[in-house]
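> Return atomic coordinates for the entry below.
(one chain, ligands or ions: 1)
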Amino acid sequence: MTNTIVNSWNEWDPLRHVIVGRADDCHIPPAEPALDAKVPEDSDMRGQWGKRPQDTIDRANELLDTFARQLEARGIRVDRPTSIDHSKPATTPDFHTDSQFGCMPPRDVLLTVGSEILEATMSYRCRWFEYLNYRPLLQKYWEEDPNFRHEAAPKPRLTDADYHPDYLNEKIGDAQRLKWAEEKHFVTTEEEPLFDAADVLRFGRDLVVQHGFTTNLKGIEWLRRHFPDHRVHTVNFPGDPYPIHIDATFTPLRPGLILNNPQRRLPADQRAMYEKNGWEIVDAAQPAHNAPPPLCYSSTWLSMNVLVLDPKTVCVEASEHYQMEQMDKLGMNVIPVDLRDAYAFGGGLHCCTADVYREGTCEDYFPVQ
Ligand code: DAV
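Below is the predicted model of the structure:
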């Protein structure tokens, strides 16, 4: 007998069941078009690939395990993925890459909307098979919850036609990148639908999706057709030279309140929906660090990559004291979670989790459209 329920409609309702990733067997993947465009030009990761050092894997796992126990102590059920062998190459009739990535950020792969968990297409070749890390859990949920809908988006072909060759240049420079971001010229083309689940934010009836490196317009159109009862909104954040994933940029905390990265503000012409419905968009506090930790893909803005446990409670990374202080001022109870040494494995507290069950139903938070 179990009481598994898959149900989650937004980013803030009381969390009851969640997946927390693992750092097991995580690799720095070899060069490939989508990945090269994202690894910052001055990154220590350029030119190297292979399994991450075991001591860093062990340390990241220690932090993820502690975080899982913190959640369990609050009565939240926590499940963990089963790592596949990421040293194996990923090969399809269309491409080959010499290794895979990992299973630390389930948020990138799994999109929970109501009683459905949808496996994203992904847009990196090294992440094409990443869903396999979560299949044991998804199969179990499917056995246990008769209402659970397990869905997978069409697997993309990821041939060279999916990537703009001008992004393969090693020295593009931030000025050019920002210009391209402003013009919505991203590394991915419109060859076929592509999206990562971490480009999607759930606001009940409304889904807000970032168009950037990892999600193209066809991916957003695919989501629109797949979720016909939702309104799907495309957003851009032109201040980001490496636009992947929305969750270090735009962070809803509760109905009516969103934090926005002050270097990546939502353009004025995309604010109407929030303003008309009385939602406030406030600048997030500055990160506490000047640089990401070693071998990390993400920016220092993982400071705002938080996990909301309910509309009054939020998990914030323990070294991010400016962000914790701001949350406190905004009336949130803050739970500090030590995670920085796991950032390099694929992100922060939002990235390393995926919702299975939050209380609540599908509500319309933006009745004035
Ligand atoms: O700011 O590098 C990280 C998002 C990870 N899910 C950034 C985006």
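> doesn't residue 344 fall inside a helix?
Yes: assessed by DSSP: H, G, I helix; E, B strand; the rest coil, residue 344 belongs to a helix.
> now it: how far from the ligand?
12 Å (Cβ to the nearest ligand atom, to the nearest Å). Glycine gets a C-beta too; all of them are placed from N, C-alpha and C.
> Which residue is the nearest non-sequential neighbour of that residue?
residue 296 (4.1 Å; Cβ to Cβ, 6 or more residues apart in numbering).
> Kindly report the same for residue 139.
Among residues not flanking residue 139 along the chain, residue 150 sits closest, at 8.0 Å (Cβ to Cβ, 6+ apart).
> just residue 152 next, same as before
residue 119 (4.2 Å).
> Could you look up the SS state of the residue nearest to residue 344?
Put simply, residue 296 is coil when judged by three-state DSSP.
> neighbours around it, how many?
Around residue 296 there are 22 other residues, counting by other Cβ atoms under 10 Å.
> that older thread, tell me which helix or strand the residue nearest to residue 139 sits in.
strand 149-152 (DSSP states H and E).
> same question, residue 326
Going by DSSP H and E, residue 326 is in helix 321-329.
> ok, residue 332 - contacts?
Taking Cβ atoms under 8 Å, 6 or more residues apart in numbering, we find residue 332 in contact with 253, 312-314.
> ditto for residue 173
For residue 173, the contact set (Cβ under 8 Å, 6+ apart) comprises residue 41.
> ok, so what distance separates it from residue 180?
Shown here: residue 173 relative to residue 180, a distance of 11 Å by Cβ to Cβ, to the nearest Å.
> just residue 29 next, same as before
On the measure of Cβ to Cβ, residue 29 and residue 180 end up 23 Å apart.
> So which of these two has more stuff around it?
Shown here are residue 29 and residue 180; by other Cβ under 10 Å, residue 29 has more neighbours (23 against 19).
> Can you tell me the closest non-neighbouring residue to that one?
Among residues not flanking residue 29 along the chain, residue 126 sits closest, at 3.6 Å (Cβ to Cβ, 6+ apart).
> what mean pLDDT does stretch 177-189 have?
Throughout stretch 177-189, pLDDT has a mean value of 95.
> Residue 125 contacts residue 90, doesn't it?
Yes: in this structure residue 125 lies within contact range of residue 90 using Cβ atoms under 8 Å: 5.9 Å.
> Spell out which residues are contacts of both of the two.
residue 97.
> Those two: which is more packed in?
Taking neighbours as other Cβ under 10 Å, residue 125 and residue 90 compare with residue 125 leading, 27 against 22.
> Need the pLDDT of the closest residue to residue 39 other than its chain neighbours.
Ranked by Cβ to Cβ, 6+ apart and with sequence neighbours excluded, the top spatial neighbour of residue 39 is residue 45, at 5.4 Å. Per-residue confidence (pLDDT) for residue 45: 76.
> Are we agreed that residue 45 is in a helix?
No: read with three-state DSSP, residue 45 is coil and lies in no helix.
> How about the secondary structure of residue 65?
Residue 65 - assigned by three-state DSSP - is helix.
> The ligand versus that one, what's the distance?
From residue 65 across to the ligand, the span is 21 Å (Cβ to the nearest ligand atom).
> and if you look at residue 225?
25 Å.
> Let me see the mean pLDDT of stretch 295-306.
Mean predicted confidence for stretch 295-306 is 95.
> so who does residue 352 touch?
Contact analysis of residue 352 by Cβ under 8 Å, 6+ apart lists 20-21, 64, 67, 104-107, 339, 342, 345-346.
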